[in-house]
Structure formats: C-alpha cells, structure tokens
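>>> any chance you can model this:
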Amino acid sequence: MVLSSMVKVLFIILFVLASFEFAKYNNKPTIPYVIVALLISIVAFSIEHFIKKKKLRDIFIAFLAVALGLTFGVIVGIILTLIPALKQIAPLIYIASILFFTYISFVVILSKREELFEDISSPTRKSRDSHKKAHVHQRHVSLKIVDTSAIIDGRILEIAKTGFLEGTLVIPKFVLKELQNIADSKDHDRRVKGRHGLEIVKALKELKKPEVWFVDDDYPHIKEVDSKLIELAKRKHAKLITTDYNLQELAEIRGVEVLNINQLALAIKPPLEAGDHLRIKIVREGKEKGQGIGYLIDGTMVVVDDAAQFIGKEVDCVVHSVIQQDTGRIVFARLRGKEK
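Numbering: from 1, shown residues only. Alright, predicted model coming up:
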C-alpha cells in the first residue's frame, strides 16, 4: 500500500515537471498545463481504482466494445462523409458514428458475454474436465500393482480366477522387462522362473476379470525395481501385491498399502491339520460304532474314534484328517495315545 502511494506521488511529480517543460518549450503560461497534468493524473487514478474493482472479464468486455466501436464507427464515418451533403459536418458524423457503434458493441457483448466466454474457454475447459474425469476414474478404480515376485509365485492367477481380487491389476512395463531378463538368464533355474512368470502374465491377460492394465510409467532416475514400484503405487494411489517381505516393509514405511500373498495363504490355511493336538468335549455319538462327536467354537464338527463312551466329558485327541465340503469342514481325530 505504501509503495503504491509512493509510485502515485512520483507519477504526479514527473507529470507536473513534464508540463512545466512543455509550457516552457512552447512559451506558454505554466498554470494551465499544470492543471491539465493534475486532471490527467486524477483521471488515471480513477481508472486504476475502477479497474481494481472489476473482474478481468469485465475489463476485457470494455476494451473489446471500445475497439469494435472505434473500428466500425470510423469505417461508417468514412463512408458517410463520402456523401457531398454530409462533408460539412464530417467531425460530427465521426463522433456520432463512434458513439453509436461503441454503445451497440457494449450492449451486444454485454448481453452475449456468457456465450462468448463459453465458446472461448470451452476447448480448455473440456480438456481440463476430461483430465479431471480421467483422474477421478483412476482414483475410484481400485488399482493393484503386481510385482515380479508375485507373478513368478503364480498363486495370483488362481486368486484372480476366484473373483476375490476387485478392481484392476496393473503390471508396469519395467516389471515385464525384469521378467524377460530373468527368462533370458544363463542360469537354468532363473530362466525357468522367468518363463513361468511370463506365462502367468499371459494367463492373467486372458481373464475377463479382473482387468489387467500394462502401464508405461517409468522413473529413469530410480534404479531399483522395488523403489519404482513404490513410487508408482504412491502416484496412482494403488495397492501393491507381492510375496517379498522386504518390499512390503519398505512400502509400508513409505505409506503404501501392501497385499502379501504369503499372508493371505496363512489367513486361509485350515485352522487344523493332521497331527494337531486338540481337546474337545464329546456331546453325542457318531454314525459309526464307537465314534463320538464334538464341536469347535466356530461350529466345525469333530468326529473322534472310540470316544462314544466319553459323552459329556472332554478328551485329548489328535487330528488325522480334515475334509472340506460345501457345507463346511469335518475334522476326524483319534484319542490321544491311540494314534495309528
């Protein structure tokens, strides 16, 4: 604010000094020139104050109307002054023509300003809206970036076939390049793993769901593939699918959500396996002679051989098999000490 006032004072001083010099040069009285300089300064400051309160669009409309009014006014004035009867009032014709067309320009542009600016800004707005929609679509689609270890592991294909993986699987080109390098390795075991990984990618691509995207995003300034995966996941707001524990640790430190296939396998692993020890209460007899039936806390039925005599009591037993049926699991066990 202080700087603006200083500039205004400097402007007035320079303008007044210029008026003195101009009057001196033309041998005229200085007072009228100084008054004119002060009036021009006041007009300039008034215009500045007016412009500051108006939007850029309104200022543009004003300048456009004046420009069009002057252009058409001068052209029409020239044409009219070609008429002999009007030559004597040529200055009046020019003034009237310019004022008339300036007024018409203001009225037309002011009434049609919304359409005018809509047409001018539509290409930019459409491009911006398109980009925004694409970005919003990407944010709403659940993206899951698959790393090299998860592809070589192969279980992701079976998981994808079950329909549990929602959203879209993203396979970066730099992951494909790494798989190709492994497939071309001189080491036999690495070569087999690489080729297996490429076959998994092909099979994933052929699935109808989930959709698989191959992206070209790369970060040449980042050398390690793991770091590239984390950077890509952060930029696309995606989750990362892997079997690599070290990558998971690093990604979680960087704020990237990780889906580890090994952890999923542990989560869906049957709670009981052959050889597990179990203590259970026998509640009734089974279908076969001597069998006793008990239930786990989750409702799973446990069939214990030679346990019918222990109805109402708890027994220690050892699991020898688990059968998975459509209706659920059935655990078969033998009394502890009677394992075969």
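
>>> now do the strands in the stretch 101-250 of the chain.
Residue ranges of the strands in the stretch 101-250 of the chain, as given by DSSP state E, counting those that start in this stretch, are 143-146, 168-172, 211-215, 239-242.

>>> ok, residue 188 to residue 198 distance?
The span separating residue 188 from residue 198 equals 16 Å under the rule C-beta to C-beta, to the nearest Å. Backbone N, C-alpha and C define where each C-beta goes, glycine included.

>>> looking at this structure, which helix or strand is least sure?
Among the secondary structure pieces of the chain, namely its helices and strands, helix 113-140 has the lowest mean (mean pLDDT, DSSP states H and E), a mean of 51.

>>> near the closest residue to residue 64 other than its chain neighbours, how many other residues are there?
What sits nearest to residue 64 in space, not counting adjacent residues and going by C-beta to C-beta, 6 or more residues apart in numbering, is residue 109, at 6.0 Å. Using other C-beta atoms under 10 Å, residue 109 is surrounded by 16 other residues.

>>> distance check, residue 109 against residue 191.
Computed as C-beta to C-beta, the residue 109 to residue 191 distance reads 72 Å.

>>> so for residue 188 and residue 198, which sits in the more crowded spot?
For the pair residue 188 and residue 198, the greater number of neighbours falls to residue 198 (17 against 8), based on other C-beta under 10 Å.

>>> list the contacts of the more buried one.
Residue 198 makes contact with 179-180, 183 under the criterion C-beta atoms under 8 Å, 6 or more residues apart in numbering.

>>> by neighbour count, which of those wins?
Top of these by neighbour number is residue 179, holding 22 neighbours under the definition other C-beta under 10 Å.

>>> how far away is the closest residue to residue 172 other than its chain neighbours from residue 174?
Spatially, and ignoring its direct neighbours in sequence, residue 172 is nearest to residue 215 (5.4 Å; C-beta to C-beta, 6+ apart). Residue 215 sits 9 Å away from residue 174 when distances are taken as C-beta to C-beta.

>>> check residue 68 too.
Counting by C-beta to C-beta, the gap between residue 68 and residue 174 amounts to 57 Å.
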